[in-house]
Structures are given as structure tokens and as C-alpha cells.
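# Give me the fold of what follows.
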Amino acid sequence: MDDELDRLKPAGLPADKQRWNIEDLQAYVAAMQAEITHVESMIAEKNKVQSAANALFGGGD
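Sure thing, here's the model as predicted:
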């Protein structure tokens with residue numbers, strides 16, 4: 001029931017994590033850590049592409 005109500009809330013509103021149980025909080029932390037790992041991987045890949053472009057075109061001076 002709460003999930004249905006949460007879907008109706010406008011996007012961008014902060015979640016009331018104070019009411020979450022421990023398991024939900026732990027799952028949230030795990031999801032955020034996975035997201036951080038994913039974004040760090042994207043950053044690393046973009047840095048590789050940028051370095052290759054700089055080497056090819058002589059940029060970065």
C-alpha cells in the first residue's frame with residue numbers, strides 16, 4: 001500500500017527515510033553504493049576517451 005502511495009508522490013520530493021525499517025535502509029545504502037560504483041565506472045571510461053582524444057589531437061596543454 002505504501003509503495004502505491006509513494007508512486008503517486010511528485011518526483012523530487014525527499015523520501016521520509018526516518019520511517020523506513022532497518023532492512024529498507026540497508027537496501028537503500030546498497031543501491032546507492034551500486035549507483036556510485038556505476039557512475040565511477042562511467043567517469044573512468046570517459047576519462048579514457050578524453051585522454052585518447054587528447055593524445056590524438058594534442059589537446060590538454
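
# all helices for the chain, in order.
Using DSSP state H, the helices of the chain run over 2-8, 22-57.

# which stretch among those helices comes nearest residue 16?
helix 2-8 (9.6 Å; Cβ to Cβ). All C-beta spots, glycine's among them, are computed from the backbone N, C-alpha and C.

# What's the mean pLDDT across the closest one?
Helix 2-8 shows a mean pLDDT of 69.

# sorry, back to before: mind putting the helices of the chain into CSV with mean neighbour count and distance to residue 16?
Below are the helices of the chain laid out as CSV (neighbours: other Cβ atoms under 10 Å; distance: least, Cβ to Cβ, whole Å):
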stretch, mean neighbour count, distance to residue 16
helix 2-8, 7, 10
helix 22-57, 10, 11
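
# Tell me how far the residue nearest the centre of the chain lies from residue 24.
Among the residues of the chain, the one closest to the centroid is residue 35, at 3.8 Å (Cα atoms, centre = their mean). Plainly put, residue 35 is 16 Å away from residue 24 if you go by Cβ to Cβ, to the nearest Å.

# returning to what we had before: worst average pLDDT in the helices of the chain?
Among the helices of the chain, helix 2-8 carries the lowest mean pLDDT (a mean of 69).

# Let me have the helices of the chain in TSV, extended by distance to residue 15.
Below are the helices of the chain laid out as TSV (distance: least, Cβ to Cβ, whole Å):
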stretch	distance to residue 15
helix 2-8	8
helix 22-57	8
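
# show me what contacts the residue nearest to the centre of the chain?
Residue 35 makes contact with no residue, according to Cβ atoms under 8 Å, 6 or more residues apart in numbering.

# any idea how far residue 53 is from it?
Counting by Cβ to Cβ, the gap from residue 35 to residue 53 is 27 Å.

# So for residue 13, what's the pLDDT?
In this model, residue 13 carries a pLDDT of 61.

# Kindly report the same for residue 61.
59.

# Do me a favour and get the end-to-end distance for stretch 4-19?
Using Cα to Cα, to the nearest Å, one end of stretch 4-19 lies 16 Å from the other.
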